[in-house]
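**Student:** task: produce atomic coordinates for the following.
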Amino acid sequence: MKIVITLLTIIGINTPIFSEEWPEWGGNGHNNMFSTAKGIPVEMEPGKRKKGTEDIDMSTTKNVKWVAKIGSQSYGTPTIAGGKVLIGTNNESPRDAQHEGDRGIIMCFDEKDGSFLWQLVIPKLGAGKVSDWEYLGVCSSPLIHKDRAYFISNRCKVVCVDMEGMANGNDGPYKDESKFMATGGKTFKPGKNDGDIIWVFDMREELGVFPHNIASSSPKIVDGKLVVSTSNGVDWSHLNVPAPQAPCLILLDLKTGELIGEEASKIGESTLHCNWSSPMVANVDGKPSIFFGGGDGFLYSFDPNAKEDDEGFLVLPENWKVDGNLPEYRVDKEGKKIKYATFEGPSEFISSPVYHKGNVISLIGQDPEHGEGVGRMFSVNAKTGKVNWDYTEIERGISTVSIAEDLIYAADYRGRVHCVDFNTGKKVWVYDTKSHIWGSTLAADGKVFIGNEDGEVVILKHGREMKELGIIEFSAPVYASPVIANGVLYIASQTHLYAFKEGAKTVAK
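**Tutor:** Numbering: from 1, shown residues only. Okay, the predicted model is just below:
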């Protein structure tokens, strides 16, 4: 299948309409978890582990092309382009004896057979749960663009790496990989299986950002600029934002990592918990726009062309903002402010906004640690910010929606998949997986795929008739989102990355 180049790609938005690859979070700039792929299997068997090992016995699998061992906790969704697969994880299954103990890891595998190619090792901040929670690893989904990949590390750094790793040498200009990957002042000599860094932007050092729990978001590209949410948030008390003036959304030069824009909408001052939502980019009436679900609970639209303010800062012009919370989520009937992290209280955005046919679909939510609560999915006009409709039968969630043939598939944290009419916001049906959902739905090939905390991937029929097609059981929770590239379905459990393909001949990795 050829990639159709549209006006969106000409102006610099990473949004090919028909791409077999999945190079970034959401597949493309619009974040719609949808694929045009056909022939995706329903009957799949992830297989059983070999006795006494963490390896999968491939003779017990079905329609599995390959399986790769990752860490013990994996929250990031894989991205696939240029014959390579990238995924964030932790270091609980170390591949290098020089790096043992808790680390953040970006792993790169060969798309063809799952062979391990290289990894970038990121030491912990040492701040504990407050800014770099133990064993979470790297939660960002890398954005692959040409021969480079971009992601946010567990240390709150934006990192650009060479897709070839050190196999073709240290490209530079960054040459301090030995220090970057080492701990305790130690150094080591990187080998061919190590990552090759091009540039690094430290958001804590350069912007004063205070990441809460973990830096967790995925970047986008617009007009040759990298769009990044910073994960700025509260401290251990959950009552204080240590860096209220630090930006929650920034632009970096794609080639150099230089700061070239930042929001000045005072999101940090009103942040409820953290700014974890990944941005979205879309072309609206011939002009590129950035859409961002803020940690203050407001959905924003920004112009990516930063303007210098009176103090000399390059500021992103705000097109509009709309409150993601209904008034009754923020204030009770007596006019009293409703406490955050309660069932009835307000939420921020963790899911990403999705663009479709001139509108933006968004879903509010909170850290799963806060439990279940009231939610709201809504549609707004991408140009004006005017709300088209609300859907409040959904509880809060952290899942990004998928849209196929004007049907929205949205999951709430409680574990339900809601099918909603894109044009009217009316419920079509609801399916209960009976387990908490962290990942996002994927619509493809007349099916809807969704993973849950019980380690199940549920397959539903796409359409106005609710029908369960199958349930695939994994040996570990599935917090990541299923994605498809080149006709292969990728599913990451907490411990293994699986590549499924109809009729595949299995390869052990």
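
**Student:** any regions of the stretch 401-509 of the chain where pLDDT drops low?
**Tutor:** Along the stretch 401-509 of the chain, the model assigns pLDDT under 70 to residues 506-509.

**Student:** can you map out the strands along it?
**Tutor:** 402-404, 407-411, 416-421, 427-432, 442-444, 447-451, 456-461, 468-473, 483-485, 488-492, 496-500, 507-508 (DSSP state E, counting those that start in this stretch).

**Student:** ditto for the stretch 251-400 of the chain
**Tutor:** Using DSSP E, counting those that start in this stretch, strands in the stretch 251-400 of the chain cover 259-262, 280-284, 287-293, 298-302, 307-308, 314-315, 318-323, 354-356, 359-363, 377-381, 387-391.

**Student:** give me the buried positions along the last one.
**Tutor:** Applying a neighbour-count criterion of 16 or more other Cβ atoms under 10 Å, one finds 388, 389, 391 buried in strand 387-391. Quick note: C-beta positions are derived from backbone N, CA and C, even for glycine.

**Student:** which residues touch it?
**Tutor:** Outside of strand 387-391, the residues within contact range by Cβ atoms under 8 Å, 6 or more residues apart in numbering are 322, 326, 359, 376-381, 418, 420, 424-427.

**Student:** swap in the third one?
**Tutor:** Contact with strand 287-293 is made by 11-13, 220, 222-223, 227, 229, 248-249, 263, 277, 279-283, 299-304, 316, 319, 324, 348-353, 355, 360, 362, 364, 382, as judged by Cβ under 8 Å, 6+ apart.

**Student:** buried subset of these as a ChimeraX selection?
**Tutor:** The ChimeraX command for the buried members of the contacts of strand 287-293 (criterion: 16+ other Cβ under 10 Å) is given here:
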select :12,13,220,222,227,229,248,249,263,277,279,280,281,282,283,299,300,301,302,303,304,316,319,324,348,349,350,351,352,353,355,360,362,364,382
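
**Student:** wait, residue 133 sits on residue 215?
**Tutor:** No - with contact defined as Cβ atoms under 8 Å, residue 133 does not count as touching residue 215 (10.5 Å).

**Student:** counting neighbours, go ahead and name the busier of these two.
**Tutor:** Neighbours per residue, other Cβ atoms under 10 Å: of residue 133 and residue 215, the larger number sits with residue 215, 34 against 19.

**Student:** can you pull the contacts of that one?
**Tutor:** Neighbours of residue 215 in contact, by Cβ under 8 Å, 6+ apart: 132, 139, 140, 152, 153, 154, 155, 156, 157, 203, 230, 231.

**Student:** again, only using 6 Å
**Tutor:** Shown in contact with residue 215 (Cβ atoms under 6 Å, 6 or more residues apart in numbering): 152, 156, 231.

**Student:** from residue 447, how far off is it?
**Tutor:** The gap separating residue 215 from residue 447 is 33 Å, by Cβ to Cβ, to the nearest Å.

**Student:** for residue 249, same thing?
**Tutor:** 34 Å.

**Student:** now residue 254
**Tutor:** Taking Cβ to Cβ, one finds residue 254 at 35 Å from residue 447.

**Student:** same deal with residue 457?
**Tutor:** 11 Å.

**Student:** do residue 61 as well
**Tutor:** From residue 61 to residue 447 the distance is 20 Å (Cβ to Cβ).

**Student:** now residue 72
**Tutor:** 30 Å.

**Student:** quick one, which of the two is more surrounded?
**Tutor:** Comparing residue 72 with residue 447 by other Cβ under 10 Å, the one with more neighbours is residue 447, at 19 against 15.

**Student:** for that one, give me its contacts.
**Tutor:** Residue 447 neighbours (Cβ under 6 Å, 6+ apart): 459, 462.

**Student:** and the helices in the stretch 1-150 of the chain?
**Tutor:** 7-10 (DSSP state H, counting those that start in this stretch).

**Student:** what ranges does it have for its strands?
**Tutor:** 34-35, 48-49, 56-57, 64-69, 79-81, 84-90, 103-110, 116-123, 143-145, 148-152.

**Student:** point out the other helices and strands that the last one packs with.
**Tutor:** Think strand 148-152. strand 157-162 (3 or more Cβ pairs under 6 Å, 6 or more residues apart in numbering; DSSP states H and E).

**Student:** parallel or antiparallel, which strands does the strand it packs on pair with?
**Tutor:** strand 148-152 (antiparallel), strand 196-202 (antiparallel) (DSSP bridges).

**Student:** check which element follows it along the chain.
**Tutor:** helix 177-181 (DSSP states H and E).

**Student:** which parts of that following helix are buried?
**Tutor:** For helix 177-181, by 16+ other Cβ under 10 Å, it's 177, 180, 181.

**Student:** rebuild the residues you listed as JSON lines, extending it with distance to residue 335.
**Tutor:** Output for the buried residues of helix 177-181, formatted as JSON lines (distance: Cβ to Cβ, whole Å):
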{"residue": "177", "distance to residue 335": "56"}
{"residue": "180", "distance to residue 335": "52"}
{"residue": "181", "distance to residue 335": "54"}
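
**Student:** would you list these in a markdown table and tack on pLDDT and distance to residue 396?
**Tutor:** Formatted as a markdown table, the buried residues of helix 177-181 follow (pLDDT from 0 to 100; distance: Cβ to Cβ, whole Å):
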| residue | pLDDT | distance to residue 396 |
| --- | --- | --- |
| 177 | 93 | 40 |
| 180 | 92 | 37 |
| 181 | 92 | 37 |
